[in-house]
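>>> With the input below, show me the fold.
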Amino acid sequence: MRSLLKPAVVFVLAMLAGTTAVWAAPNVPDSGNTAWMLTSTALVLFMTLPGLALFYGGLVRSSNVLSILMQCFAITAVVSLLWLGGLYSLAFTSGGAWNNWIGGTSRILFAGMGPNTLGPNGIPEILFAMYQMTFAIITPALIVGGYAERVRFSSMLVFSALWTIFVYTPVCHWVWGGGFLQQKGLLDYAGGTVVHITAGVASLVAALVLGSRKGFPKQISMPHNMTMTVTGAGMLWVGWFGFNAGSATAANGAAAMALAATHISAAAGAMTWMVIEWRRFGKPSVLGIVTGMVAGLGTITPAAGSVGPGGALIVGAVAGVVCFTMTQMVKRVWQIDDSLDVFPVHGVGGILGTLLAGLLCSPALGVWSGLGVSLPNHTVSQQFAVQIEGVVVTALYSGVVTLLVLALTRLVVGGVRVQPEQETEGLDIVLHEERGYDL
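Okay, here's the model as predicted:
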């Protein structure tokens, strides 16, 4: 008996040790997923600073380049503090009886988040909060392109803060934080509604309220530094892998598929835009190919978790055609000075991608979907109806509240737009007493 007792005790102790390890595992962050999300967080911040800042900065006149860089930096700082101060909590915690519309206050100042407080897929919740912070940063920064070269810095700062509070945060909760659109099963993998539609519509409203730049549309300002713009565009392409693949919140096959879809859509959008421009104007432009790339990226964003490589090819090609057409429509037909084409590229791309997500997700499409996802609403027609509802609600809400926020900004600051002579002189000197170039 003694010869059998010792192995039995060792076996029991080993089993208990193994069980204890299993019980302890949920309190320890998953190292692989955490490593990927640390990387993704850095990549998405890299999209704003320096990616978007350089992309936008190169597109404006040389006398306004520093103003664009300053706006992107200031938005990054102020939104980060607001996110810590309560916006993360309002976006991603339960709001009790109000949960359909807004979250709660349990995570103000990131309360209750220790290093081993876990969020989705075993990553630390503090890391999830920081990852989502980078989304909150880039969304109002996108709107900068709608009022570039003619807005007061103080007005921009107040507007961006109020807009993030009253537009971005509620919509984020509706779609990702347990609100009514998420409950309906809206497919928005990485921000077609939350980021691109809200920012695109807000940019259009801001352009209409502020009015056109001097000389528009007869005199359209040319980009002062395309090298800077292409550098920023390359950073956006790379950073977007964190934006979309990072939205899996895990280092897994879903992240890999989202990464593949993102890259293919960007390539398809770039080539489609380039070919259209080449045939129409006789020469392919660098501005055209990078803008087509951004259109492909923005349009695949809501669908990156619902389509495979074949679907991404369709999304990117359609984005190139539709977004190119809309840029011509907004500036030449409607004569709206959405300075850096935020609405026709991001807004229209977000609408298009959100709708296509509801169609291309069907497993019946085979290779053109590639994922065979389980539809939250069981049929393609039902899912497509939810996607339409998400687009309409988000666009209307962003448009109306942006108008109110602009009115409130005017009351707080005393004006939104710089004086005509200041616009002529350039915002770098007028607002910051600095020059981008010492020539």
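
>>> Now residue 151: phi and psi?
phi -110, psi 140 (degrees, to the nearest 10).

>>> would you list every one of the helices in the stretch 201-350 of the chain?
Secondary structure of the stretch 201-350 of the chain (DSSP state H, counting those that start in this stretch): helices located at 226-244, 253-281, 286-300, 309-328, 342, 348-360.

>>> pLDDT on the fifth one, on average?
So the one you mean is helix 342. Helix 342 shows a mean pLDDT of 97.

>>> How far does that helix sit from its chain's centre?
Distance of helix 342 from its chain centroid, counting by CA atoms, centre = their mean, to the nearest Å, is 12 Å.

>>> so what secondary structure elements neighbour that helix?
helix 198-210 (3 or more CB pairs under 8 Å, 6 or more residues apart in numbering; DSSP states H and E). (Each C-beta comes from the backbone N, C-alpha and C, glycine too.)

>>> could I have the helix it packs on exported to CSV, CA atoms only?
Provided in CSV are the C-alpha atoms of helix 198-210 (Å, rounded to 0.1, in the frame of the first residue of the first chain):
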residue,chain,number,x,y,z
THR,A,198,-19.4,61.3,-37.2
ALA,A,199,-16.3,63.1,-38.3
GLY,A,200,-17.3,63.3,-42.0
VAL,A,201,-20.7,64.8,-41.3
ALA,A,202,-19.2,67.2,-38.7
SER,A,203,-16.7,68.3,-41.2
LEU,A,204,-19.4,69.1,-43.8
VAL,A,205,-21.4,71.0,-41.3
ALA,A,206,-18.4,73.0,-40.1
ALA,A,207,-17.4,73.9,-43.7
LEU,A,208,-21.0,75.1,-44.3
VAL,A,209,-21.1,77.2,-41.1
LEU,A,210,-17.6,78.7,-41.5
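
>>> What's the separation between the nearest residue to residue 384 once chain neighbours are set aside and residue 385?
Spatially, and ignoring its direct neighbours in sequence, residue 384 is nearest to residue 358 (4.1 Å; CB to CB, 6 or more residues apart in numbering). According to CB to CB, to the nearest Å, residue 358 and residue 385 sit 8 Å apart.

>>> out of the two, which sits in the more crowded spot?
Using other CB atoms under 10 Å, the more surrounded residue of residue 358 and residue 385 is residue 358, with 27 against 14.

>>> The more buried one and residue 91: what is the separation?
If you measure residue 358 against residue 91 using CB to CB, the figure is 24 Å.

>>> show me where this protein has strands.
For the chain, strands defined by DSSP state E do not occur.

>>> give me the low-pLDDT residue ranges for it?
For the chain, applying pLDDT under 70 flags the ranges 1-26, 363, 365-378.

>>> Go through it and flag its longest helix.
Using DSSP state H, we find that the single longest helix of the chain is helix 380-413.

>>> Burial check on the closest residue to residue 86 other than its chain neighbours, number of neighbours?
Sequence neighbours aside, residue 108 is the residue nearest to residue 86 in space, at 4.6 Å (criterion: CB to CB, 6+ apart). Residue 108: 16 surrounding residues under other CB under 10 Å.

>>> residues contacting residue 108?
85-86, 89 (CB atoms under 8 Å, 6 or more residues apart in numbering).

>>> ok, the residues you listed vs residue 31, which is closest?
Nearest to residue 31 among the contacts of residue 108 is residue 89, at 27.0 Å by CB to CB.

>>> My understanding was that residue 143 contacts residue 164; is that so?
No: Residue 143 lies out of contact with residue 164 (CB atoms under 8 Å); the separation is 10.1 Å.

>>> What sits closest to the residue nearest the centre of the chain if chain neighbours are left out?
Centroid-nearest residue in the chain, with CA atoms, centre = their mean: residue 195, separated by 4.2 Å. If the residues on either side of it in the chain are set aside, residue 195 comes closest to residue 139, at 4.9 Å by CB to CB, 6+ apart.

>>> before we move on, what about residue 56?
Once flanking residues are discounted, residue 56 sits nearest to residue 68: 4.9 Å by CB to CB, 6+ apart.

>>> For the one you found, list the residues it contacts.
Contacts were defined as CB under 8 Å, 6+ apart; by that measure residue 68 touches 53, 56-57, 60, 144, 148.

>>> cutoff 10 Å now
52-60, 141, 144-145, 148-149, 340, 427-428, 436 (CB atoms under 10 Å, 6 or more residues apart in numbering).

>>> cool, and residue 329?
336, 344, 348.

>>> If we only consider the residues you listed, which is nearest to residue 423?
If you rank those by distance to residue 423 using CB to CB, residue 336 comes first, at 17.6 Å.

>>> tally of neighbours for that closest one?
Neighbour count for residue 336, taken as other CB under 10 Å: 20.
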